[in-house]
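Asker: Test case, fold it:
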Amino acid sequence: MRKDKRIIMWVLVLSLIIFSCIEAKYQNRTAIIYAFGVEGKLLRSQMSLEDSLFVNGRIFWLGKMLNKKVAVVNSGIGMTNAALTTQLLIDKYKPKEIIFTGICGGIDPANRIGDIVVPERWATHDFGYYDSRDFSIDKIPVILSGKNKIDTLIFFDVDRNLFNKALKIEKEVNLVFKPILDRIPQIRIGGNGASGNSFIDQMEKRIWLKEKLDAQIVDMESAAAVQVANINGVPILVVRSCSDLAGGSGSSTAGKEMEVFIKVAADNSATFVMELLKSLDER
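Answerer: The predicted structure is shown next:
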């Protein structure tokens, strides 16, 4: 009986060692997150796949893209899914950096459908307080990486080094994007992004987001991912392409615009991400 117990114990120990080695093999690489399947289609087509692992309801595709080691995952839609996936990614794979990519709704009128927008900071627009008259955006209490006291923040910053690389691409690289109708999308770097658990298809809310947060764009995931990355001390950048204008433009709604332009916008965002990926070893 004792011999059997010893054998079982050694099998468990060896299994843990093997599992730890497998996990370590896939650590310290660039992580790419997206929310809709179509947002990751072009990126995954450029991967040479080493493995795909199913962890807590998420499939992590592990391999190389443009000769860089990557971990790619579909978070699913919404703030909770984004936060859960970002933390799971950090805990399991300890990425060097994280890039969140995909579509968004335009808030600032200067950002037209198809434009690629890389905000400098992100806020959660539906975290706040309703009184008898109105809703007020509130600060989120967090303890950031490297600190031992609580900060209260509305905005969470993207990584400065990654942001500067995006700026360099805007200035120095002539990227070819898929056109939207007869217009070639533009790259817009900087400003504020806003996220919340609602799809914004109302002109009044679009104006409100611009007035309250000076937001350039809005989505349903990025602020959560940036907050989690900031707390863990992991560099993160968000690259988005406008598939619609929040509240719609002209006679169309944002929902209808997204149906028409989601694929083009997703591919344009992915095109920028792949260019960014080329520069990531240039420290």
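Asker: Helices of the stretch 101-250 of the chain, start to end?
Answerer: 160-172, 203-213, 222-232 (DSSP state H, counting those that start in this stretch).
Asker: helix, strand or coil for P95?
Answerer: Recorded secondary structure, P95: coil (DSSP: H, G, I helix; E, B strand; the rest coil).
Asker: about what we covered before: which of the helices of the stretch 101-250 of the chain is buried the deepest?
Answerer: Mean neighbours per residue, mean count of other Cβ atoms under 10 Å, is largest over these for helix 222-232, with a mean of 25. Every residue, glycine included, has its C-beta placed from N, CA and C.
Asker: Quickly find the element holding the residue most central in space within the chain.
Answerer: Computing the C-alpha centroid of the chain and ranking residues by Cα atoms, centre = their mean puts F100 first, at 2.1 Å. Following DSSP states H and E, one finds F100 within strand 97-106.
Asker: quick one: low-confidence ranges for the stretch 1-150 of the chain?
Answerer: Within the stretch 1-150 of the chain, the ranges that satisfy pLDDT under 70 run 1-23.
Asker: if you go through it in chain order, where are the strands?
Answerer: 30-34, 47-55, 58-65, 68-74, 97-106, 116-118, 121-124, 128-130, 135-137, 140-142 (DSSP state E, counting those that start in this stretch).
Asker: ok, the fifth one: who's next to it in the sheet?
Answerer: Partner strands and pairing direction for strand 97-106 (DSSP bridges) are strand 30-34 (parallel), strand 215-219 (antiparallel), strand 236-245 (parallel).
Asker: Tell me which residues are up against the first one.
Answerer: By Cβ atoms under 8 Å, 6 or more residues apart in numbering, the residues outside strand 30-34 that reach it are 40, 43, 65, 68-75, 82, 85-86, 89, 93, 95-102, 225, 266, 273, 277, 280.
Asker: for that strand, the distance to its chain's centre please.
Answerer: 7 Å (Cα atoms, centre = their mean, to the nearest Å).
Asker: any idea of the angle that strand forms with strand 58-65?
Answerer: 130 degrees (axes from the mean of the first three to the mean of the last three Cα atoms, to 10 degrees).
Asker: Highest mean neighbour count out of the strands paired with strand 97-106?
Answerer: strand 236-245 (a mean of 29).
Asker: closest one to F36 among the helices of the stretch 101-250 of the chain?
Answerer: Closest of those to F36 is helix 222-232, at 13.3 Å (criterion: Cβ to Cβ).
Asker: packing partners for the closest one?
Answerer: Secondary-structure packing of helix 222-232 (3 or more Cβ pairs under 8 Å, 6 or more residues apart in numbering; DSSP states H and E): helix 79-93, strand 97-106, strand 121-124, strand 140-142, strand 155-157, strand 192-195, strand 236-245.
Asker: Can I get those in TSV including distance to D201?
Answerer: As requested, those are exported to TSV (distance: least, Cβ to Cβ, whole Å):
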stretch	distance to D201
helix 79-93	18
strand 97-106	8
strand 121-124	19
strand 140-142	25
strand 155-157	24
strand 192-195	15
strand 236-245	8
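Asker: most neighbours per residue, which of these?
Answerer: strand 236-245 (a mean of 29).
Asker: which helices and strands does the helix or strand where L276 lies pack with?
Answerer: Using DSSP H and E, L276 sits in helix 254-278. On a contact count with 3+ Cβ pairs under 8 Å, 6+ apart, helix 254-278 meets strand 30-34, helix 37-45, strand 68-74, strand 97-106, strand 116-118, helix 160-172, strand 236-245.
Asker: what about it, average pLDDT?
Answerer: Regarding helix 254-278, the rounded mean pLDDT is 95.
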